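> any chance you can model this:
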Amino acid sequence: YVGVFGALIVAFLLLFSKEGPEIVASKFMSALVEGNPDKLTALSYYPNGSKEGLREQWQFSTQVAGKLYVFAWKIKFAKQADENSAGVAMDVIRNAQSQMSYPENYQLPLVKHEGRWLVDVRSISREMYPAMPK
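Okay, the predicted model is just below:
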């Protein structure tokens, strides 16, 4: 009985839990660190653009322009402005291998699109990472 009950709890959590802005932002930043254009494309809000075109831009950004770029990040907090927009505040240490680096404040803007939170790529500061998609 315990196994069945445990399986029911897991199934309930998977069905009814939604990924909030903070979780999506964390997955996005992890994909950026990994240099994974497929995950970045899936987590990006990019209106009026093709998914393939966005994936190509992420591929260039992560595997050419940002190939040697080392950074660290830490989410500070998430704030939902309304039911369809949110922002996630982070500290980002650009060029993290340098002793002169320090934490800088950045925001990841998110929008809810078709029931899912996505990072609004066009609204991210271009200083945060080399050659961000435009």
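> number of nearby residues for residue 74?
Counted with other CB atoms under 10 Å, residues neighbouring residue 74 total 11. The C-beta positions use only the backbone N, C-alpha and C, and glycine is treated the same way.
> next up, the contacts around it.
Contacts for residue 74 (CB atoms under 8 Å, 6 or more residues apart in numbering) come out as 90-91, 103.
> most neighbours among those, which one?
If you count neighbours using other CB under 10 Å, the busiest of these is residue 90, which has 21 neighbours.
> in three-state terms, label that one for me.
Under DSSP: H, G, I helix; E, B strand; the rest coil, the three-state class of residue 90 is strand.
> quick one: the helices in the protein, in order.
With DSSP state H as the criterion, the chain has helices at 2-16, 21-34, 37-42, 51-60.
> lowest average pLDDT across the ones you listed?
Note on these: lowest mean pLDDT is at helix 2-16, with a mean of 40.
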